[in-house]
Every structure is written in structure tokens, then in C-alpha cells.
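J.: Curious how this folds, go ahead:
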Amino acid sequence: MNFSSSWNGLRIGIAAVILALPTGLFAQADFYQGKTIKVVHGRNAGGSGDLRVKAMVPFLQKYIPGHPTIVHEFMPGGGGRKAANFIFNSAPRDGLTLGNTGGGMVASAVLGEKGVQYDLDKLIFLGSPYSSTHYIFLTRREAGVTNLEKLRSTSGLRIGAQSVGHTIYNIGRVFAWVGSLKEPTFVTGYSTPERDVALMRGEIDAIATADDHLTRNIEWIKKKQVDLHLMIAVPKGLKHPQFDGLPDLESFAKSDKERKVIAMFRNLRLTGSPFFAPPETPKERIEILAQAVSRTFKDPGFPQEYKKLVGDDPSPLFPEENQRAIRELPRDAETVTVFNRLAGPGPLPSRH
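T.: The predicted structure follows:
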């Protein structure tokens, strides 16, 4: 056998394969080498959304060719609208600036709220580390609201939240509306850690929160510092090992209108806490980022890292599922009108 001839043939074959591959593939793979990706959060630092992103970062760095540095910028305001406006209108279209917000920015656009300067159908959604969850309404024990009867008869409960339009603000308002709370007031302007401190200090009486946040603050339950009252599962019927005994909010709905509002909240929430890129970001870089997100969710080490930081298991929404969930959101006019009032700063709508 002529080794030299065989080796030359092998080299020619390898060269032919390489030349047959799209040249852009190598250019885009090299693009992220030595670069920095900035994630613009539509929230303050320290909350569940921040921790969900941070759980993903080492895996994204692993799976994005070139292993870029990933940094964070926090741009709270308008339930994610401020960050989404920035990504849509001002962020570079180069694959180096991404947004991540709660589902409030999706709700704001669907509901046609003021301050929305972005088009959901033009933003490029790249997936979410969670889509299913449970929301729980609780009061601090010292408020004396120890059961549902007292919850519904106590007037003027102060319910704390991050900002008008934030997912937690919205669900707190839905809890208060369907649960028939008497003249509640809504206190906003907190980061999640600030809100928790305010609750324990008695500056507010109640909050709505997600199951992972409550799991990380399980001492509130162990030390009997809070009372749990109501829950809503997303999607409907999803069981929770710790909180499944709580009454489902939907059991208090009196009309189809109220049930449709709860269904709209569930559908909006199923979009998760999405990553998204500006319009006109090069397709090849979007493909690289989407593949990195998908590989992160499939990595066997990701659930452990996520649970360590967040306190709960991930329920990933893959990039293609995220895009589809956004496109298929229901936009029933009557339900949108009611939900819009719930998500706004004014009084709760009438239940009649």
C-alpha cells in the first residue's frame, strides 16, 4: 500500500468536505471569540428572574462557540417594557445584546398598554428556562389574616409588588379581584428583596409570589411568619408537592368573564421569562444562540445548577416553542379590556 498516496487522498477528501460547508458557519462560530454578550434584564437584581438567567450563564458560555463573556445590565421599569423598548429600538443588531424579562412585557403588548414601543412579532424569542409555575397569595402572620374568611372580610390590605404591569403585580390584582378582597391597596416600587423585607417589617400586608420564590423563603412557613391562602397553577391542573392543598383561585370565579381572565393570565404566563434578540439580528447568529439555549436545557447538569440557585426545577420553553407561544396568544377583545384594567394602576374592575 502506498501510504503517501493514501494520505494525499485523505487530505484532498477532508479539504473537499470543508469547502463544501457554508463559509458563514465558520465566520459566525468565530464571531463570539473574545466577545462579550450583554443580557439586559427588565428587572432589579436579586429576584427569581435574575437567578434563572444566572443559572443558564455557564452553560450558554459552554455552548456558544468562542465561549464569550456574559454580563448583566438591569433596566427595571414598566414590568419589562423599558428593557423591551431598549432592545427593540436601541440595542445593536449584532447578536451581542439580548433581553430577558418576565411575562409582563408580553402582557403589556397584547393588552395594548401605554409605553409599549416594541412589536412582539418582530422581536426574536430564544426560549425561557421556565414556563410552568404556581402563584400563591399570602399574608404576613402579624396582619392577623389567618384564613380565607378573614382575608375576604379585612378591608384595606396593602399588597406589595415590583411595578405596575409586572407579572407579580398583575397576578396580585387578579387574586384580589377574583378573591373578592375588600378595598385592597397596591404598593409598588420594590425590587423583590426589598418587597420581602417590607413584608417582614409590616410595611405591607400581603404579596403574590411564585412557588420557587416561596421555596427559597421556606423559613417563612416553618417559623409561621406567613399564612397561605390561594393558588393558581400554570398550566391549569399542574400539581405541586408542597402547596397543592391550597384553594385554586378559579374556584372563586363567578362568571365566564372571570374564568377567561384567569385563562388569559395562564396563557401569558406560559411564555415564561423569555430571552429575546432585536429585530434584524443576523440569522446565523440567532441560530447559534438558539442552539446554545436548546443545548443548555438538554444538558444533564443544568437542572441541578438551576435548582441550586432558584430553589425549584426548570420547566424549559425551547426557542421554537417560545416563538410559537407568542404568535398564538389569545387576544379576545372583551377579556383584553378587563385584563388591561387589572394590569393598570387604577381601581379594580367591577365583578358585576
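
J.: count of neighbours near the spatially closest residue to residue 268 that is not a sequence neighbour?
T.: In this structure, residue 268 finds its nearest non-sequential neighbour in residue 107, 4.7 Å apart by CB to CB, 6 or more residues apart in numbering. Where you see a C-beta, it was placed from the backbone N, CA and C, and this is true even at glycine. As a burial measure, residue 107 scores 29 neighbours (other CB atoms under 10 Å).

J.: can you pull the contacts of residue 325?
T.: Taking CB atoms under 8 Å, 6 or more residues apart in numbering, we find residue 325 in contact with 131, 270, 271, 272, 317.

J.: re the thing from before, angles on the backbone of the residue nearest to residue 268, please.
T.: Note on residue 107: its backbone torsions stand at phi -60, psi -40 [degrees, to the nearest 10].

J.: Before we move on, what's the pLDDT of it?
T.: Listed pLDDT for residue 107 reads 86.

J.: if I read this right, it contacts residue 171, doesn't it?
T.: No: using CB atoms under 8 Å, residue 107 is not in contact with residue 171, being 10.3 Å away.

J.: rewinding a little: mind listing what the residue nearest to residue 268 touches?
T.: 79, 165, 167, 170, 268, 339, 343.

J.: Recalculate using a threshold of 7 Å.
T.: Taking CB atoms under 7 Å, 6 or more residues apart in numbering, we find residue 107 in contact with 170, 268, 343.

J.: how close does the last one sit to residue 216?
T.: Distance of residue 343 to residue 216, given as CB to CB, to the nearest Å: 26 Å.

J.: Between these two, which is the more surrounded one?
T.: Of the pair residue 343 and residue 216, residue 343 is the one with more neighbours under other CB under 10 Å, namely 25 against 18.

J.: on that earlier part again, return the member of the contacts of residue 107 nearest to residue 70.
T.: The shortest approach to residue 70 among these belongs to residue 268, at 27.3 Å (CB to CB).

J.: Quick one: the helices in the stretch 251-352 of the chain, in order.
T.: 256-269, 283-298, 302-310, 319-327, 333-343 (DSSP state H, counting those that start in this stretch).

J.: Just put these in a markdown table and tack on mean pLDDT and distance to residue 210.
T.: A markdown table is the format used below for the helices of the stretch 251-352 of the chain (pLDDT from 0 to 100; distance: least, CB to CB, whole Å):
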| stretch | mean pLDDT | distance to residue 210 |
| --- | --- | --- |
| helix 256-269 | 90 | 10 |
| helix 283-298 | 98 | 19 |
| helix 302-310 | 96 | 10 |
| helix 319-327 | 90 | 18 |
| helix 333-343 | 91 | 17 |
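
J.: would TSV of these with distance to residue 45 be doable?
T.: Putting those into TSV (distance: least, CB to CB, whole Å) gives the following:
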stretch	distance to residue 45
helix 256-269	22
helix 283-298	21
helix 302-310	13
helix 319-327	24
helix 333-343	24
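
J.: Closest to the centroid, which residue in this protein?
T.: Computing the C-alpha centroid of the chain and ranking residues by CA atoms, centre = their mean puts residue 273 first, at 1.9 Å.

J.: so how far is residue 158 from that residue?
T.: Residue 273 sits 26 Å away from residue 158, going by CB to CB.

J.: can you check residue 301 too?
T.: As for residue 301, its distance to residue 158 is 42 Å (criterion: CB to CB).

J.: Looking at these two, which one has more neighbours?
T.: residue 158 (18 against 11).

J.: That one reaches residue 201, doesn't it?
T.: No: contact criterion CB atoms under 7 Å: residue 158 and residue 201 do not qualify, at 11.8 Å.

J.: the strands in the stretch 101-250 of the chain, which residues?
T.: Counting by DSSP state E, counting those that start in this stretch, the stretch 101-250 of the chain has these strands, from start to end: 124-125, 133-140, 158-160, 185-187, 206-210, 226-234.

J.: OK, contacts around residue 202?
T.: Counting by CB under 7 Å, 6+ apart, residue 202 makes contact with 140, 142.

J.: The one 10 residues further on too?
T.: Neighbouring residues of residue 212 by CB under 7 Å, 6+ apart: 48, 310, 311, 312.

J.: Can you spell out the domain ranges of this protein, please?
T.: According to automatic domain parsing, the chain is divided into the following domains: 20-131+270-333, 133-262.

J.: what's the least confident stretch among these?
T.: domain 20-131+270-333 (a mean of 92).

J.: Distance from it to the middle of the chain?
T.: Between the centre of domain 20-131+270-333 and the centre of its chain there are 10 Å (CA atoms, centre = their mean, to the nearest Å).

J.: Equivalent analysis for stretch 151-168, please.
T.: Per CA atoms, centre = their mean, the centroid offset for stretch 151-168 relative to its chain is 20 Å.

J.: Next: stretch 238-245.
T.: Relative to its parent chain, stretch 238-245 has a centroid offset of 21 Å by CA atoms, centre = their mean.

J.: who's in contact with that stretch?
T.: Stretch 238-245 is contacted by residues 132, 134, 136, 211, 228, 231 when judged by CB under 7 Å, 6+ apart.

J.: What residues sit buried inside that stretch?
T.: By 16 or more other CB atoms under 10 Å, the buried positions in stretch 238-245 come out as 240, 243.

J.: try stretch 156-174
T.: Within stretch 156-174, the residues scored as buried using 16+ other CB under 10 Å are 157-174.
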